[in-house]
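Student: Sequence and computational prediction follow.
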Amino acid sequence: MLTAQSPALFAVRCMHSGAAGYVCKQEDLSELLSAIKAVLSGYNYFPSQALNPPPTGSNQELELFRQVNDRELMVLQLFAQGRSNKEIAKGMFLSNKTVSTYKKRLMHKLRASTLVELIDVAKRNALV
């Protein structure tokens, strides 16, 4: 998987979903070539932070993201991009109420009291 998303949050999720490799677009081209060679040779290729996560408590905010499921993470990214509840609902084929429920869950799980705080958390963790 070649992506601009933060490896700290997404690499492990991709690994658990069956991806053979993960490279962030910010890496050097040599990193991408190494990943391609490894995968074509039958190996997996993931950043070291995915294989050796930091000790528990070393980054409290990243630990909070472990509670967030993939669907909630997608909604958070869309909020961070400036989308409204209605736009998110329409784009994800959900009801407006379901998006509101996701927002409430995210605020609870990530300990944010407002949507602005929630978006700040997303930006600090490279979700935008």
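Tutor: Thanks, I have the structure now.

Student: Can you name the residues that contact the residue lying farthest from the centre of the chain?
Tutor: Most distant from the centre of the chain: residue 41, at 27.5 Å, with distances by C-alpha atoms, centre = their mean. By C-beta atoms under 8 Å, 6 or more residues apart in numbering, residue 41 lies in contact with nothing. (C-beta placed from N, C-alpha, C; glycine too.)

Student: For residue 105, see how far away it is.
Tutor: Here the criterion is C-beta to C-beta, to the nearest Å. By it, residue 41 lies 41 Å from residue 105.

Student: looking at this protein, which helix or strand is least sure?
Tutor: None of the helices or strands of the chain scores lower by mean pLDDT, DSSP states H and E than helix 48-51, at a mean of 68.

Student: Could you list every helix and strand in contact with the helix or strand encompassing residue 116?
Tutor: Residue 116 is part of helix 115-124 when elements are defined by DSSP states H and E. Counting contacts by 3 or more C-beta pairs under 8 Å, 6 or more residues apart in numbering; DSSP states H and E, helix 115-124 packs against helix 70-80, helix 96-109.

Student: Quick one, which of the ones you listed gets closest to residue 126.
Tutor: Closest approach to residue 126 among the helices and strands packed on helix 115-124 is made by helix 70-80 (10.1 Å; C-beta to C-beta).

Student: distance between that closest one and the chain's centre?
Tutor: 8 Å (C-alpha atoms, centre = their mean, to the nearest Å).

Student: residue ranges with poor pLDDT in this protein?
Tutor: 49-58 (pLDDT under 70).

Student: Can you give the domain ranges for it?
Tutor: 2-51, 60-124 (automatic domain parsing).

Student: right, and residue 103 touches residue 112 too?
Tutor: No: counting by C-beta atoms under 8 Å, residue 112 is not a contact partner of residue 103; they are 9.7 Å apart.
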